[in-house]
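# this is a predicted model, with the sequence first.
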There are 2 protein chains.
Amino acid sequence: MSVKEVRTRRPLADSTAVHDQVYDSIRQALITGKIAPGVGVSLRSLAAELGVSPMPVRDAVRRLVAERALAINPANKRLSVPSLTAERLEQLELARRWIEPELAARAAPRADEALVRRLKAIDLDLEEALRVGDVDGYMVANHAFHFAIYERAGAEVLLAMAGGLWLQIGPFMRVVFGRVGTGSLPADRHAEAMDALKARDAEGARRAIAADLSEGMDKMRAAVEAGAGLTAAPAGQTVITM
Amino acid sequence: MSVKEVRTRRPLADSTAVHDQVYDSIRQALITGKIAPGVGVSLRSLAAELGVSPMPVRDAVRRLVAERALAINPANKRLSVPSLTAERLEQLELARRWIEPELAARAAPRADEALVRRLKAIDLDLEEALRVGDVDGYMVANHAFHFAIYERAGAEVLLAMAGGLWLQIGPFMRVVFGRVGTGSLPADRHAEAMDALKARDAEGARRAIAADLSEGMDKMRAAVEAGAGLTAAPAGQTVITM
DNA sequence: CGCGTGAAATTGCGATCACAATGCACGAAC
DNA sequence: GTTCGTGCATTGTGATCGCAATTTCACGCG
């Protein structure tokens, strides 16, 4: 419902091209884990669900495939969220544990009062989501918290790499946290990170984010080793809204 | 000339879809530095040059933009190779110096006789290219040498990240080596790397690749700091062939 | 009741068209 | 000679169509 009504022709300079909106929709769905890993969706079905023609969906999907957030079965040509093997998880963890603390360390000297205040607000949302068991809200808030920091680093290339990594593990974070029931561990690490940022302590921020990641990835690794996350499907239906 | 003749309709399961061929063409042109940074090309002109309709070019370009190998001017919407600023170079160097030695170290235990032989052959081509001043051949051989090693690591995620990084600096490596005149430094590091791989010495391979990268990036940094590579255009025309 | 076998529906890819917006160039006014 | 406006060519985007290949499902034979 209310997917899109009239949609007059978009002007050229308008940044909200349809394929960008579609991209953002799918990306958000991936980060928050709304798209179940393993299910094969088709281009036309996605287009129908979003109320647009297949063309902009094709464009958006190409971007996501290039970012390895989606995979195309070479035989079927059907697209799905690539399943997370132990090897993939190991590499993603390694990359995240290198790049994200680095971004945090670079952000620390550039942190200001406004950033800390925004982080505090996000963290309140996050704890609220944890308290009421809102997995969706937790995923959104956690992503927002980390990338509010990372964007502050002013490191475009590294930021894009970090974004790509989140896109690849997002669906599985959802699976894991959905199972574990949003164990309330990570909040304290966030407090440490905020303290370090407030003090402009680069190494402290690096350690705090590294610890936060380690805890989260430990849970994911445990889940995957238990055979859970490989091809699991959490809720079922793919809910994408623009 | 001889871009494409009849081109009967490709079957669905055929891996050589037109947009993939276009992607490979542009990618190769970027890695070898055949596309000059800063020049704005249009979708239709690219399509005409390749002898295909604009549609598969659109697909290929989307992938490359997602990989940050091409950039779209938000106002013009014309696409170009993103110019290399000092900040971008610093981040790319950092990322490369982390990920590529890691891949080399992972490849070392899995190296075999065939790999070393292939590397030796590539290195001969490389030295030959250096000797006769064939910048193109040097770029191709250097890329082949590194990724013959990296592919052996069996680390799909990290390999893709490394490939993306090469795609981003490729055009500028060309500019720099075109200027410097292919100073013959890097060959010895390649010999070190091959020795380490033959001995299955992970840390030795890591050091050799790290040293190779350092030397290359030092040259690039010097060139960029001299104000050369920022928006420089080496030869001029974009030569893309399928 | 199981299992091939047929046709019909669905799929991705590429071409072509329409359209709005921008770029560019030629010419007029001062 | 310089500058500004006006027209035309070109651009990216999205919709629609055609095609070949695959998938899906039902029906009938064993």
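Arrived safely.
# with adjacent residues omitted, what lies nearest to the most centrally placed residue in chain A?
For chain A, the residue lying nearest the average C-alpha position, counting by Cα atoms, centre = their mean, turns out to be A:I31 (2.9 Å). Once flanking residues are discounted, A:I31 sits nearest to A:G170: 4.2 Å by Cβ to Cβ, 6 or more residues apart in numbering or on different chains. Quick note: C-beta positions are derived from backbone N, CA and C, even for glycine.
# separation between the one you found and B:A199?
Distance, A:G170 to B:A199, using Cβ to Cβ, to the nearest Å: 41 Å.
# who's more crowded, the two?
A:G170 (23 against 12; other Cβ atoms under 10 Å in any protein chain shown).
# is A:P37 in a helix, a strand, or coil?
Put simply, A:P37 is coil when judged by DSSP: H, G, I helix; E, B strand; the rest coil.
# nearest residue to it in space, please, no chain neighbours.
A:V81 (4.1 Å).
# show me the shaky parts of chain A.
A:1-15, A:177-187, A:227-242 (pLDDT under 70).
# show me the strands in it, by range?
Here chain A has its strands, by DSSP state E, at A:71-72, A:79-80.
# who does the first one pair up with?
The sheet places strand A:71-72 alongside strand A:79-80 (antiparallel), with pairing taken from DSSP bridges.
# the partner strand near DNA strand D anywhere?
No. Using Cβ under 7 Å from any atom of the strand, strand A:79-80 stays clear of DNA strand D, with a minimum separation of 12.4 Å.
# what does that strand contact?
A:37-43, A:61, A:65, A:70-73 (Cβ atoms under 8 Å, 6 or more residues apart in numbering or on different chains).
# try it again with 7 Å
Here strand A:79-80 makes contact (Cβ atoms under 7 Å, 6 or more residues apart in numbering or on different chains) with A:G38, A:V39, A:G40, A:V41, A:V61, A:L70, A:A71, A:I72, A:N73.
# run the chain-centre distance for it.
Centroid separation for strand A:79-80 versus its chain: 17 Å, with Cα atoms, centre = their mean, to the nearest Å.
# which non-adjacent residue is nearest A:V57?
Closest to A:V57 by Cβ to Cβ, 6+ apart is A:A47, at 4.5 Å.
# neighbours around that neighbour, how many?
19.
# list the residues that contact it.
A:A47 sits in contact with A:S53, A:P54, A:V57, where contact means Cβ under 7 Å, 6+ apart.
# list, one by one, the residues from chain A near DNA strand D.
Contact residues (Cβ under 7 Å from any atom of the strand) of chain A with DNA strand D: A:7, A:10, A:12, A:17-20, A:52-56, A:59, A:75-76.
# pick out the most distant pair among these.
Pairwise distances across these (Cβ to Cβ) peak at 38.3 Å, for the pair A:L12 and A:A75.
# give me every residue that touches A:Q91.
B:A155, B:V157, B:L158.
# if we can go back for a sec, which one of the contacts of A:A47 is nearest DNA strand D?
Using Cβ to the nearest atom of the strand, A:S53 comes nearest to DNA strand D of the contacts of A:A47, at 2.7 Å.
# excluding sequence neighbours, find me the nearest residue to the closest one.
A:A47 (6.1 Å).
# for that neighbour, give its distance to B:E203.
A:A47 is 51 Å from B:E203, by Cβ to Cβ.
# hmm, back to that, among the residues of chain A next to DNA strand D, name the buried ones.
Among the residues of chain A next to DNA strand D, the ones that count as buried by 16 or more other Cβ atoms under 10 Å in any protein chain shown are A:A17, A:V18, A:H19, A:D20, A:V52, A:P56, A:D59.
# so the first one versus B:A107, what's the distance?
Which is A:A17. 41 Å.
# gap between stretch A:83-100 and the chain center?
14 Å.
# ok, stretch A:30-44 next?
13 Å.
# could you list the buried residues of it?
So for stretch A:30-44, counting by 16+ other Cβ under 10 Å, buried means A:L30, A:I31, A:T32, A:G33, A:K34, A:I35, A:A36, A:P37, A:V41, A:L43.
# and these, which of them are in helices?
The helices, defined by DSSP state H, take in A:L30, A:I31, A:L43 from the buried residues of stretch A:30-44.
# tell me how many other residues crowd A:R96.
With other Cβ under 10 Å as criterion, A:R96 counts 23.
# what does chain A have sitting close to chain B?
Proximity of chain A to chain B, by Cβ under 7 Å from any Cβ of the partner chain, involves residues A:12-13, A:59, A:62-63, A:66-68, A:74-75, A:77, A:88, A:91-92, A:95, A:98, A:155-158, A:160-161.
# now a PyMOL select for only the buried ones of the residues you listed.
Buried residues within the residues of chain A next to chain B, by 16+ other Cβ under 10 Å, are selected in PyMOL with:
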select buried, chain A and resi 59+62+63+66+67+68+88+91+92+95+98+155+157+158+160+161
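# just to revisit the earlier point, widest-spaced pair of the contacts of strand A:79-80?
Of all pairs in those, the most separated under Cβ to Cβ is A:G38 and A:V61 at 16.7 Å.
# can you pull the contacts of the nearest residue to A:I149 once chain neighbours are set aside?
Counting by Cβ to Cβ, 6+ apart, A:A107 is the residue found nearest to A:I149 once chain neighbours are left out, at 5.0 Å. Residues in contact with A:A107 (Cβ under 7 Å, 6+ apart) are A:I149, A:Y150, A:R152, A:A153, A:L197, A:A205.
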